[in-house]
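> here is my input; please provide its structure:
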Amino acid sequence: MGVLTLLTDFGYRDHYVAALRARLLHLAPTLPVLDLSHDVEPYNIAHAVHVLRAVFRDFPVGTTHLIGVSDYGASAAGAVAAPAWHAAEFEGHYFVAADNGLLPLLCDGVPAQLVRLAAPALPPPVSGPSLPAALNPTRDILAPAAVGLALGQPLASLGPATTELYLLTNRQLRLQDNRITGHVAHVDHYGNLITNITREAVEAVGRGRAATVHFGREVVRELRPHFAAAPPGEIVCTFNPQGSLCVAINQGHASELLGLYFDSQVDVRFVG
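Predicted coordinates:
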């Protein structure tokens, strides 16, 4: 038996998380279920991808991740298109999500193993033909598929293989001889600005040269080993455990105080 994780934008004020867990108890009473977060910003695909990327590799290979974020999906054709839901394998983990652009962002393209999940046959409406039966995608489509994978069901048995996905693309770094240009990919609970600039990129372009970090009108001339390696109230630039360059203020809210938000530009420049 594997492990199932949950990531949703359901929040904690209402009954939605409890209802999902009740459904999982009916499907597999002994299956270990762990919460990644239920506080993803509503419909915020980039936030969900950030959380997944930061933590999914910490779980054992073979773990299944159920993602109930913007779970009715999206379509370039608009609302008239039939919604779709998928299950995929990536780096030995399984992901079950709506067709909303999340999987291509997580995998930097279409996953090599991807199947389309079939929507269940819902009972006819009991209040007349004008009232359609209710569908909760996470409960009715994603949860049964995720439980099946976590219990060892083959991915191919869940639906037909496909390569059709609603595509979103990640912001790409701009690399030059003396500069890396990136952007804020996420603002965390503390107001820290997490960028898409990686330690590997800084080491490859910098080649041991001194680096300065530029954003807004600020210039930071030192990369520090951790968030508290500066006096309270001072700006800190450091790499987080995932290897992403972060701009923070020790014991302060960097996003509000620096006026930087999701997608704000951050540069790393090298001397010489």
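
> quick check: R53 vs A229, distance?
According to Cβ to Cβ, to the nearest Å, R53 and A229 sit 25 Å apart. From N, CA and C alone the C-beta is placed, and that goes for glycine too.

> now do the helices in this structure.
All helices of the chain, identified by DSSP state H, fall at 16-27, 45-55, 102-107, 137, 143-150, 199-206, 254-258.

> just how off-centre is the last one within its chain?
If you compare the mean C-alpha spot of helix 254-258 with that of the full chain, they lie 23 Å apart, counting by Cα atoms, centre = their mean, to the nearest Å.

> report the spatially nearest residue to A146, omitting neighbours in sequence.
If the residues on either side of it in the chain are set aside, A146 comes closest to L66, at 3.9 Å by Cβ to Cβ, 6 or more residues apart in numbering.

> please name the residues that touch the one you found.
Residues in contact with L66, defined by Cβ atoms under 8 Å, 6 or more residues apart in numbering, are L4, T5, L6, L7, V96, T138, L142, A143, A146.

> measure it to D39 for me?
Noted for L66: a distance of 16 Å to D39, by Cβ to Cβ.

> give the bridge partners for the residue nearest to A146, please.
L6, V96 (DSSP bridges).

> per-residue confidence at it?
At L66 the predicted local distance difference test score is 98.

> isn't V17 right next to D9, touching?
No. V17 is beyond contact range of D9, at 10.6 Å (criterion: Cβ atoms under 8 Å).

> which of the two has more neighbours?
Higher neighbour count among V17 and D9: D9, with 21 against 17, using other Cβ atoms under 10 Å.

> with adjacent residues omitted, what lies nearest to Y261?
Using Cβ to Cβ, 6+ apart and skipping the chain neighbours, the partner closest in space to Y261 is S255 (5.9 Å).

> skipping adjacent residues, who's closest to V115 in space?
Setting aside the residues directly before and after it, V115 is nearest to G159 in space (Cβ to Cβ, 6+ apart), at 4.2 Å.

> for G62, that is, sorry about that
G62's closest residue in space is G2 (Cβ to Cβ, 6+ apart), at 5.2 Å.

> quick one: the strands in this structure?
Counting by DSSP state E, one finds strands in the chain at the ranges 4-8, 33-37, 64-68, 85-90, 93-98, 113-116, 174-175, 179-187, 193-198, 211-215, 218-220, 235-239, 244-249, 265-270.

> so for A204, which of the ones you listed sits nearest?
With distances scored as Cβ to Cβ, the stretch of the strands of the chain nearest to A204 is strand 174-175 (8.1 Å).

> tell me the contacts of the residue nearest to V115?
Taking Cβ under 8 Å, 6+ apart as the test, what G159 contacts is A87, V115, R116, L117, A118.

> now with 7 Å?
For G159, the contacting residues are V115, R116, L117, A118, by Cβ atoms under 7 Å, 6 or more residues apart in numbering.

> tally of neighbours for the last one?
What that stands for is A118. The burial count assigned to A118 is 12, neighbours taken as other Cβ under 10 Å.

> disregarding residues adjacent in the polypeptide, which is nearest to it?
G159 (5.5 Å).

> kindly report the same for A112.
Nearest residue to A112 in three dimensions, chain neighbours excluded: E89, at 7.4 Å (Cβ to Cβ, 6+ apart).
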